[in-house]
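Enquirer: the sequence and its predicted three-dimensional model are supplied below.
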Amino acid sequence: MEELLARVTAAIGVEESVAKAAVGHVLGFLNKEFPEGPVAELLEKLPGSPESIEAADATPSEGGPLGGLMGGMGGLMGLAGKLNGLGLDMGQIHTLAKEVLAHGEGLIGKENVQKIASSIPGLSQFL
């Protein structure tokens, strides 16, 4: 988890606490949308992922312009709202997704990451 947090922190230019919450939201989203198969394998191979998801759920967000509109929605739009509430803009959200998926490739392989992306509408644009 530390390596992923360092990658995300550097790539999107935020403090580690924000990166941790953002990664937790992404992992929580993946777990909710695709709880078995490659996502389960990814979470198993990424030490600290359950704690990261729990911490993200407990992290208050500021709401931001997208947060209020999308925070109650499901899917990628709901995730974007949560991330926007942490202060991330759409460019940072895109980079965050790319970093998480790239890190996932190193843990579970490119084919499994592609399975995850193709199972969630809109996620494949981040590969």
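Expert: Received it, and whenever you're ready, just let me know what you need. Numbering: from 1, shown residues only.

Enquirer: so where's the chain shaky on pLDDT?
Expert: Residues of the chain that meet the criterion pLDDT under 70 lie in 60-74, 125-127.

Enquirer: what ranges do the helices span in it?
Expert: Using DSSP state H, the helices of the chain run over residues 2-12, 16-33, 38-45, 49-58, 64-70, 75-85, 90-108, 110-119.

Enquirer: would you turn those into CSV with mean neighbour count?
Expert: Every residue, glycine included, has its C-beta placed from N, CA and C. Formatted as CSV, those follow (neighbours: other CB atoms under 10 Å):
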stretch, mean neighbour count
helix 2-12, 16
helix 16-33, 22
helix 38-45, 18
helix 49-58, 16
helix 64-70, 16
helix 75-85, 21
helix 90-108, 18
helix 110-119, 16
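
Enquirer: for the residue positioned nearest the centre of the chain, what are its contacts?
Expert: The centroid of the chain falls nearest to V26 when counting by CA atoms, centre = their mean (1.9 Å). By CB atoms under 8 Å, 6 or more residues apart in numbering, the contact set of V26 is 79, 83, 96-97, 100.

Enquirer: could you dump those to TSV with distance to G13?
Expert: Compiled in TSV, the contacts of V26 are given as follows (distance: CB to CB, whole Å):
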residue	distance to G13
L79	20
L83	14
L96	11
A97	15
V100	16
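
Enquirer: closest to S52 among those residues?
Expert: When those are compared for distance to S52 (CB to CB), V100 wins out at 10.9 Å.

Enquirer: I'd say that closest one and L5 touch.
Expert: No. Counting by CB atoms under 8 Å, V100 does not reach L5; the two are 10.6 Å apart.

Enquirer: okay, and the common contacts of those two?
Expert: V23.
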